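Novice: Model the structure of this input:
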Amino acid sequence: MQSAVKKAIFPVGGLGTRFLPVTKSSPKEMLPVIDKPLIQYAVEEARAAGIEQFIFVTGRGKSAIEDFFDYSYELNAELQKRGKTKDLEIINDLLMAPGQISYIRQQEPLGLGHAVWCARHLIGDEPFAVLLADDLIQSQTPCLKQMVDAYKNKSSGHMVAVQEVPLEETRHYGVLEIDTISKPLLKAKGIVEKPEPHTAPSQMAVIGRYILDPSVFGVLESQAKGVGGEIQLTDALAKGLTDCSSPMALHGFLFEGTRFDCGTRQGLLRATVAFALAREDLKDEMLLILKDYQLHS
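Specialist: Take a look at the predicted model:
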């Protein structure tokens, strides 16, 4: 039986150049889907999965994330003065117990593998989760909760969330080479970062949810730069599979739900529409908006 997954890393040090100019002064993780920033959705998903320690790996210009999860004395006082009880509850729900949140600076944008490695001393010797806020997942049971429940029955190894993508899109993802299938788990015998379609070992692409064994830190310690000149987490997972002294199993997890790539403008727009349609207070108005645009297009 695996140790419980109680810690999560949120790599938020990226530049977010796809969303310039807004990301010149605001972190991409603070881009809103309706009335919540992407990072809040990720944190809420982690909380629902039983995560108790939240570790943010940040970079320059990311102080807005720290402020967002901090106490705002001026705003609280003003809301209290105006009798905005519901709004007070909403912002106070963002707060966590002292010591639950940690922030580490990634001085150089050297990739996801490097961002994860930066948090090694706060993780210690226990399995942990990694959540990429760009990947927003709409599901009845939060994606990470699905993974944590499945992971409890594993004796060791890593688990990554996967979904099938069109062959021509494999160049944008880490892709699994499948050994055996026992849905929702796919046992991998290999993993490749951003393969060209004609070399892709499958169409099972890794998306931004991971549960990792702490042994990955030892691999990342000496991991060379890979695709894009960055230290790739995918390369470390691949090397762990073939480590003769202590091979580390890797499973893909076919999650239930719809994933939106909010690292793109189109994905963020799609997510906004889908999440609005799922809310009772916004559904009817969103349907009217869509109908109106359809009539005038």
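
Novice: C-alpha from now on. contacts and neighbour counts both.
Specialist: Fine.

Novice: how about the helices in the stretch 51-200 of the chain?
Specialist: Here the stretch 51-200 of the chain has its helices, by DSSP state H, counting those that start in this stretch, at 63-68, 73-81, 85-92, 112-118, 120-123, 143-151.

Novice: Which elements pack onto the fourth one?
Specialist: So that's helix 112-118. Applying 3 or more Cα pairs under 8 Å, 6 or more residues apart in numbering; DSSP states H and E, one finds that helix 112-118 contacts strand 7-11, strand 53-58, helix 216-221, helix 233-241.

Novice: what does the average pLDDT come to for it?
Specialist: Helix 112-118 carries an average pLDDT of 93.

Novice: Please enumerate residues in contact with that helix?
Specialist: Residues outside helix 112-118 that contact it (Cα atoms under 8 Å, 6 or more residues apart in numbering) are 9, 11, 13, 57, 104, 106, 130, 217, 220-221, 230-234, 236.

Novice: follow-up on the earlier one: name the stretch among the helices and strands packed on helix 112-118 that sits most buried.
Specialist: strand 7-11 (a mean of 25; mean count of other Cα atoms under 10 Å).

Novice: got the CA positions of that one in PDB?
Specialist: The C-alpha trace of strand 7-11 is given here as PDB (Å, rounded to 0.1, in the frame of the first residue of the first chain):
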ATOM      1  CA  LYS A   7       2.000  17.300  -0.800                       C
ATOM      2  CA  ALA A   8       1.600  19.000  -4.200                       C
ATOM      3  CA  ILE A   9       3.900  21.100  -6.400                       C
ATOM      4  CA  PHE A  10       2.500  23.900  -8.600                       C
ATOM      5  CA  PRO A  11       5.100  25.000 -11.200                       C
END
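
Novice: tilt between it and strand 53-58?
Specialist: Here strand 7-11 points in a direction 20 degrees away from that of strand 53-58 (axes from the mean of the first three to the mean of the last three Cα atoms, to 10 degrees).

Novice: partners of the helix or strand following strand 7-11, with directions?
Specialist: Remark: after strand 7-11, the chain's next helix or strand is strand 32-33, criterion DSSP states H and E. Strand pairing for strand 32-33, determined by DSSP bridges: strand 36-37 (antiparallel).

Novice: Helix or strand: which one has Leu268?
Specialist: Assigned by DSSP H and E, Leu268 belongs to helix 265-277.

Novice: helices and strands around the helix or strand that comes right after that helix, which ones?
Specialist: As assigned by DSSP H and E, the chain's next helix or strand after helix 265-277 is helix 283-295. If contacts are counted by 3+ Cα pairs under 8 Å, 6+ apart, helix 283-295 sits against helix 265-277.

Novice: what's the helix it packs on packed up against?
Specialist: For helix 265-277, the packing partners by 3+ Cα pairs under 8 Å, 6+ apart are strand 32-33, strand 258-261, helix 283-295.

Novice: Can you say which of the ones you listed is nearest to Asp70?
Specialist: Ranking these by proximity to Asp70 (Cα to Cα) places strand 32-33 first, at 18.0 Å.

Novice: Would you convert the helices and strands packed on helix 265-277 into a markdown table that also reports distance to Thr141 and mean neighbour count?
Specialist: Converted to a markdown table, the helices and strands packed on helix 265-277 look like this (distance: least, Cα to Cα, whole Å; neighbours: other Cα atoms under 10 Å):
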| stretch | distance to Thr141 | mean neighbour count |
| --- | --- | --- |
| strand 32-33 | 19 | 18 |
| strand 258-261 | 11 | 18 |
| helix 283-295 | 21 | 12 |
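
Novice: Could I get those in JSON lines, plus columns for mean pLDDT and distance to Glu66?
Specialist: Listed next are those as JSON lines, based on pLDDT from 0 to 100; distance: least, Cα to Cα, whole Å:
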{"stretch": "strand 32-33", "mean pLDDT": "96", "distance to Glu66": "16"}
{"stretch": "strand 258-261", "mean pLDDT": "97", "distance to Glu66": "23"}
{"stretch": "helix 283-295", "mean pLDDT": "91", "distance to Glu66": "32"}
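
Novice: Now tabulate these in JSON lines and tack on distance to Val43.
Specialist: Below are those laid out as JSON lines (distance: least, Cα to Cα, whole Å):
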{"stretch": "strand 32-33", "distance to Val43": "14"}
{"stretch": "strand 258-261", "distance to Val43": "16"}
{"stretch": "helix 283-295", "distance to Val43": "24"}
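
Novice: So which of these is nearest Pro142?
Specialist: strand 258-261 (10.7 Å).

Novice: Can you spell out which helices and strands pack onto the closest one?
Specialist: Going by 3+ Cα pairs under 8 Å, 6+ apart, strand 258-261 lies up against strand 135-138, helix 265-277.
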